[in-house]
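K.L.:
Task: produce atomic coordinates for the following.
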Amino acid sequence: MKVAFEYDKEKDIWCLLNKGKSSSNSQAPTKVYESLVATYSEDPTPGDTAAFIDKYITDKDIDIQQYITKYQQD
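P.N.:
Numbering: from 1, shown residues only. Presented below is the predicted three-dimensional model:
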C-alpha cells in the first residue's frame with residue numbers, strides 16, 4: 001500500500017493554536033507555542049501563526065518537500 005503525504009499549512013496552524021497550548025497528554029505548552037506567544041502575544045491570530053510557521057520553517061532550514069519525498073519512499 002502506498003501512502004501519499006502532503007503538507008497542509010492550515011492544519012499546522014490549527015494544531016499549533018489548539019494543541020500547542022496544552023493537550024490531553026500534557027497541560028504544559030509546547031516550546032514552539034511558547035515561542036509563538038513570545039513573538040506575537042498571549043492570543044496569537046491565525047495570521048500571526050502562519051507568519052510564525054513560515055519563519056520557523058525558514059530558520060530551521062526545513063525542506064518540507066524533501067520530507068514528503070522521504071516518507072513516501074519508506
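
K.L.:
burial count for Gly20?
P.N.:
19 (other CB atoms under 10 Å). Where you see a C-beta, it was placed from the backbone N, CA and C, and this is true even at glycine.

K.L.:
What separation do you get for the closest residue to it other than its chain neighbours and Gln65?
P.N.:
Leaving aside its sequence neighbours, Gly20 sits nearest to Tyr33 (CB to CB, 6 or more residues apart in numbering; 3.1 Å). Plainly put, Tyr33 is 25 Å away from Gln65 if you go by CB to CB, to the nearest Å.

K.L.:
which residues touch Ser35?
P.N.:
Ser35 is in contact with 52, 56, counting by CB atoms under 8 Å, 6 or more residues apart in numbering.

K.L.:
in which helix or strand would I find it?
P.N.:
helix 31-39 (DSSP states H and E).

K.L.:
following that helix, which helix or strand comes up?
P.N.:
helix 46-59.

K.L.:
Residues contacting that following helix, please?
P.N.:
Applying CB under 8 Å, 6+ apart, the set of residues contacting helix 46-59 is 9, 12-13, 16-17, 32, 35-36, 39-41, 44, 62, 64.

K.L.:
Which pair of these spans the longest distance?
P.N.:
Ser41 and Ile64 (26.6 Å; CB to CB).

K.L.:
more neighbours, the two?
P.N.:
Ile64 (13 against 10).

K.L.:
correct me, but that one touches Tyr7?
P.N.:
Yes - between Ile64 and Tyr7 there is a contact at 4.8 Å, judged by CB atoms under 8 Å.

K.L.:
neighbour-wise, which of Tyr33 and Gln65 wins?
P.N.:
Tyr33 (19 against 8).

K.L.:
which residue is nearest the middle of the chain?
P.N.:
Nearest residue to the geometric centre of the chain (CA atoms, centre = their mean): Asp12, 4.3 Å.

K.L.:
Run the chain-centre distance for the one helix or strand in the chain whose mean pLDDT sits lowest.
P.N.:
None of the helices or strands of the chain scores lower by mean pLDDT, DSSP states H and E than helix 64-73, at a mean of 89. Distance of helix 64-73 from the chain centroid (CA atoms, centre = their mean, to the nearest Å) equals 17 Å.
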